[in-house]
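1. Here is a sequence together with a model predicted from it:
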Amino acid sequence: MENPKLQSLFSQKLDRAVFATYFLGAVVPLIALGAIAHHYALPALEGAARETAGLIGLFTGIGTLSLACFYALRRLTLSALARTDADNDRLAQLLEVSGGLSTAAHEQEVARVAVRSALHLTHAPAAFVLLRAADKPLTLN
């Protein structure tokens, strides 16, 4: 799977949905607030440069904070998707192991499947299986 951090903002369905929801829920009201303030509040402040600059700074700050919140939301959704994908991958591996163990004909094959599965699931460099025969001491396979 391609690294989600390297993909563009609009290349994923979830990103488009999050962006559309965010845009309609946060940006459109912000623009409406700016338009209302520009139409009603700023003309009332004619000649008051400090207040006008303060309002413009306030709207710029709100816009910046709003955009930062979108990127935080995007990061949270991508990390949740990555965790879900990892969990799904581990579940598929466990189902494959279960199938391999259920079709194993004898204990040596069960041991091989167990070792192969342990290596695959844990990404370990080595794995061992300890077997104990009823009439023999513990052996390492």
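-> Arrived safely, thanks for sending.

2. Name the next helix or strand downstream of the lengthiest helix in the chain, please.
-> Taking DSSP state H as the criterion, the chain has its longest helix at helix 49-103. Sequence-wise, the next helix or strand downstream of helix 49-103 (DSSP states H and E) is helix 107-122.

3. list the contacts for the spatially most central residue of the chain?
-> For the chain, the residue nearest the mean C-alpha position is Ser79 (2.0 Å; Cα atoms, centre = their mean). Residues in contact with Ser79 (Cβ atoms under 8 Å, 6 or more residues apart in numbering): none are found. Any C-beta I mention is one placed from the backbone N, CA and C, and that applies to glycine too.

4. Quick one, grab the pLDDT at it.
-> Note for Ser79: predicted pLDDT of 84.

5. roughly how far apart are it and Thr21?
-> According to Cβ to Cβ, to the nearest Å, Ser79 stands 18 Å off from Thr21.

6. Over to His39?
-> For His39, the distance to Thr21 - Cβ to Cβ - is 27 Å.

7. So if I had to pick from those two, which one is more boxed in?
-> Legend: neighbour count by other Cβ atoms under 10 Å for His39 and Thr21, higher for Thr21 (12 against 9).

8. Quick one: name whatever helix or strand follows the one helix or strand the more buried one maps to.
-> Using DSSP H and E, Thr21 sits in helix 13-22. Later in the chain than helix 13-22, the nearest helix or strand by DSSP H and E is helix 28-36.
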